[in-house]
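Asker: Sequence first, then the predicted structure, then my questions.
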Amino acid sequence: YPEIKKVADFIAQNPETAVEIGGHTSAAASSEYNLKLSTARAKAVVDVLVNKYGVDPTRVTAKGYGELRLLDPSDNEPAHSLNRRIEAVVYAVGTQALTR
């Protein structure tokens, strides 16, 4: 929760930003199962951002990546633990008129 709160605070202080919450898994199960699990993980974090910390739901999205972005492809417990994660990617959503 402290890490999730940091994201919520940053979004609140920077109204021109939005965030994608990406869920990731290890490769220990089937690809289909891992995609569902990673999506559920991402949605759970989005739920906390919106319902506990009051982030506008239009500024946050959940995306499950399953086992597509492994940090360590090894088949051992340390690698599996490292790959089971949530990542927050903050991006700008503001628009600005360009003059020439």
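Answerer: Yes, it's here. Residues are numbered from 1 along each chain as shown.

Asker: Please make it C-alpha for all contacts and neighbour counts, starting now.
Answerer: Fine.

Asker: residue closest to the middle of the protein?
Answerer: With distances taken as Cα atoms, centre = their mean, the residue of the chain nearest its centroid is Ile21 (1.8 Å).

Asker: Just to be sure, that residue is in a strand?
Answerer: Yes: assessed by DSSP: H, G, I helix; E, B strand; the rest coil, Ile21 belongs to a strand.

Asker: so it touches Tyr91, yeah?
Answerer: No: using Cα atoms under 8 Å, Ile21 makes no contact with Tyr91, being 11.3 Å away.

Asker: Low-confidence ranges, this structure, go.
Answerer: Low-confidence segments of the chain (pLDDT under 70): 94-100.

Asker: all strands of it, in order?
Answerer: For the chain, the strands defined by DSSP state E cover 17-24, 60-64, 85-92.

Asker: right, so those strands: which one is the most enclosed?
Answerer: Sort these by mean neighbour count, taking mean count of other Cα atoms under 10 Å, and strand 17-24 sits at the top with a mean of 23.
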